[in-house]
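Pasted the sequence and its predicted model underneath.
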Amino acid sequence: MSKYKEIKGFKVQTLASDTAASAVAGGSWSSGGALNTARGYGAGGGTQTASFLATGGVGPATSGTNAHEQYNGSSWTETTEVNTSRSYAGGFGTTSAGIVCGGYNPPGTLTITELWNGSAWTEVNDMNTATQRGALGGTSTAGFSAGGYTPSAIDDKMETWDGTSWTETTDMGTARFYGAASSNAPYTATIVFAGSSDDSPFTLTGNAEKWNGSAWTEVGNLNDDRDELGGAGASQDNALAFAGFAPSLSAKTESWDGTSWTEVADLSTARDVVNGSGASSSSALCSGGFNPGATGATEEFTAPSDFTQINLGQVYYNSGSNAFKVTEQPVPGGSWSSGGAMNTARNGAPGAGTQTAAFIAGGSTGSITAIHEQYNGTAWTEVADLNQVRQRLGNSGTTTAGLAYGGSEPPNTGKTEIYNGSSWTEVADMATARNTIGVLGTVNTASLAVAGYLSGIPGLSATNESWNGSSWTEVNDLNTTRYATFGSGTSTSGIISGGSTPSVNGSAESWDGTTFTEVANLNTSRAYGGSSSGASNSSALAFGGEEPGNSAKTESWNGSSWTEVADLATAVGNQLGGAGTGNTSALAFGGNQPGGVTAATEEWTVPEANKTITVS
């Protein structure tokens, strides 16, 4: 094939010439040679073809061993034992320069560190803090131990190893144990992920943090919270997470490309407390673990170097396999069409739900109201009113399990009401009364109230509060103080965009359940808009609002950038209502049109997404 032409508006290109080729999104696990001693809770490191596994639990986890085995790419060979028998230890390095540290040997947690020189183990300088079940990685001269379980508590400490001694450095943002890391990354550029942040009972997390040698930065969470997993990779932008407990034995594998986690092929055997090793997210080894008893099974993960994920909407020609391919992603597009009008025209309420099951509660018809209406995909029906009239409030949840909070009565209020499908009940107030709140939440048991407008001057707020179904808790602030934002997503994964600072703003911030991170701006700055999203910070729609005049513009978010798509039929501003399940299905209703407050409803639909097509 000598020429590459346009196919339906998309550029056809060779894989080799595609500068946007990014994370590995393929690969598979295959069986490798079994360990000679079945075990979990071991310590090891290395690559897919040259790994070691030392110590571990055989039978009961606390019955540690000092067994040491090495893998040559096909089979394991027993070699010189470590000096101190233990389980729950950590390890990293290579088959000729490895390290084992910490762990548990009744009656207590250890600081003991042993160094392997290819023929013998030697005790060297101890860790500063006795630690077990931490996340470790690196080389024998540039390694690290992050988190773990100390004799007294779950730990957030990080210690670095320089080949001679351990040094305590900056703590992680999240204390955890049973986490994992990019096992071959030096301590100057690693990522630590998942684990458990509590042990009574265990509280699983998918939280991930990157370390640059001096500071930790929270990045995107794993798709599945879990602990007792394995990790591989060579840097903070290249990692593989696999196996674990979530909250049952897991076989899932996720690949990290520096921006997001992608689920790839499952292990053939679900298990936890495994040993993970590997030099990249395309070449890894999973050995041992419990399933539920100790196992010696080994699996090798391999991803072809020419199997990559291409940017949204691209068509390319793979000259290596003589095949055309189309990425399996939604195509930016779609259109707005008319839906059934509300019974009561209003603005000042964001709405919630899906395109076929939405609700709006409160708002202003010219005077503040408590009216509550629900949409069934065709028509709106009035149902039980709020107890308190208010406008510019937050709505989240569903038509049978809704939530309404904050707003202005006036004055500003922190009152929260919960809907059970038939009536609203007042529950715990927000700590900070405010209006024009950004909303992240798709259920009434978990929502995030973002920023807003306080009384007085300057009046802007960056305060965020998280709702757990019974009470509000203050969490990390936005980076940019503002109000009247577009909010999309859930209380653990969402995006806030636009708003007023008090000038109209286009900046966007992604929420990972703990921290807001600035991402790409909207193409058009605006405030007082509506937005809809699915269950994550990688799929959103921002529509309408004020620039400061009313806007009809619609923008689609794919996790990395905003794309302008079809406009609303009529420009709408002043906090129109929005609902939806992602950037492919949404609802816009109410707000202010040029003639005043409106009852109009518009439905957003994107045709079925393109799927992977292979022609050989």
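Sure thing, it's come through. Numbering: from 1, shown residues only.

Spell out for me which residue occupies the centre of this structure.
With distances taken as C-alpha atoms, centre = their mean, the residue of the chain nearest its centroid is N221 (3.0 Å).

do you know how far it is from N347?
Look at N221 and N347: by C-beta to C-beta, to the nearest Å, they are 35 Å apart. Where C-beta positions appear, they are placed from N, C-alpha and C, glycine not excepted.

Strands of the stretch 251-400 of the chain, residue ranges please.
253-256, 261-264, 275-280, 283-287, 298-302, 315-318, 323-326, 335-339, 352-353, 358-361, 372-375, 380-383, 394-397 (DSSP state E, counting those that start in this stretch).

Quick one: closest of these to T95.
strand 275-280 (10.2 Å; C-beta to C-beta).

Pull the number of nearby residues for G596.
10 (other C-beta atoms under 10 Å).

And G231, by the same measure?
32.

got a list of what it touches?
A135, G137, A180, A181, S182, S183, F193, A239, L240, A241, F242, G276 (C-beta atoms under 8 Å, 6 or more residues apart in numbering).

measure the second one to N238 for me?
Between G137 and N238 the computed distance is 12 Å (C-beta to C-beta).

do the same with the fourth one
When C-beta to C-beta is applied, the distance between A181 and N238 equals 12 Å.

which one of these two has more residues nearby?
A181 (33 against 23).

so that one makes contact with G143?
No: using C-beta atoms under 8 Å, A181 makes no contact with G143, being 10.3 Å away.

Could you name every residue contacting both of those two?
In contact with both A181 and G143: L136, G137, using C-beta under 8 Å, 6+ apart.

Settle this for me: G452 is touching Y483, isn't it.
Yes: G452 lies in contact with Y483 (C-beta under 8 Å); the separation is 5.1 Å.

Can you mark which positions in stretch 383-392 are buried?
V383, D385, L386, Q388, V389, R390, Q391, R392 (16 or more other C-beta atoms under 10 Å).

before we move on, what about stretch 144-157?
For stretch 144-157, using 16+ other C-beta under 10 Å, the buried residues are F144, S145, A146, G147, G148, Y149, T150, I154, D155, D156, K157.

residues in contact with the second one?
With contacts defined as C-beta under 8 Å, 6+ apart, S145 is in contact with G90, C101, G102, M127, T131, G134, A135, L136, M158, E159, W161, W166.

Would you map the helices across the stretch 501-616 of the chain?
Using DSSP state H, counting those that start in this stretch, the stretch 501-616 of the chain contains no helices.

what's the answer for the stretch 201-350 of the chain, then?
Going by DSSP H, counting those that start in this stretch, the stretch 201-350 of the chain shows no helices.

roughly how far apart are S367 and V572?
Counting by C-beta to C-beta, the gap from S367 to V572 is 20 Å.

With neighbour numbers in mind, choose between these two.
Counting neighbours by other C-beta under 10 Å for S367 and for V572 shows that V572 has the greater number, 30 against 8.

check contacts around the more buried one.
G530, G544, G545, N550, S551, A552, A588, G591, N592, Q593, T598, A600.

what's the answer for G46, then?
F52, Y71, G93, T94, T95, G98, S277, L285.

Let me know the closest of those residues to N36.
Nearest member of these to N36, counting by C-beta to C-beta, is Y71, at 10.7 Å.

Tell me what the closest one is bridged to.
Taking DSSP bridges as the rule, Y71 bridges to S51, W76.

I'd say it and A50 touch.
Yes: with contact defined as C-beta under 8 Å, Y71 reaches A50; the gap is 6.9 Å.

any idea how the chain splits into domains?
28-88+170-303, 335-605 (automatic domain parsing).

Using JSON lines, lay out the ones you listed together with mean pLDDT and distance to T122.
What follows is these, written out as JSON lines (pLDDT from 0 to 100; distance: least, C-beta to C-beta, whole Å):
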{"stretch": "domain 28-88+170-303", "mean pLDDT": "91", "distance to T122": "8"}
{"stretch": "domain 335-605", "mean pLDDT": "91", "distance to T122": "41"}
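
Now that we have those, can you turn them into CSV and tack on distance to E114?
Below are those laid out as CSV (distance: least, C-beta to C-beta, whole Å):
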stretch, distance to E114
domain 28-88+170-303, 5
domain 335-605, 36
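
and of those domains, who's closest to L115?
Using C-beta to C-beta, the nearest of the domains of the chain to L115 is domain 28-88+170-303, at 10.3 Å.

Tell me how far stretch 65-73 lies from the chain's centre.
35 Å (C-alpha atoms, centre = their mean, to the nearest Å).

And for stretch 547-554?
Distance, centroid of stretch 547-554 to centroid of chain: 31 Å (C-alpha atoms, centre = their mean).
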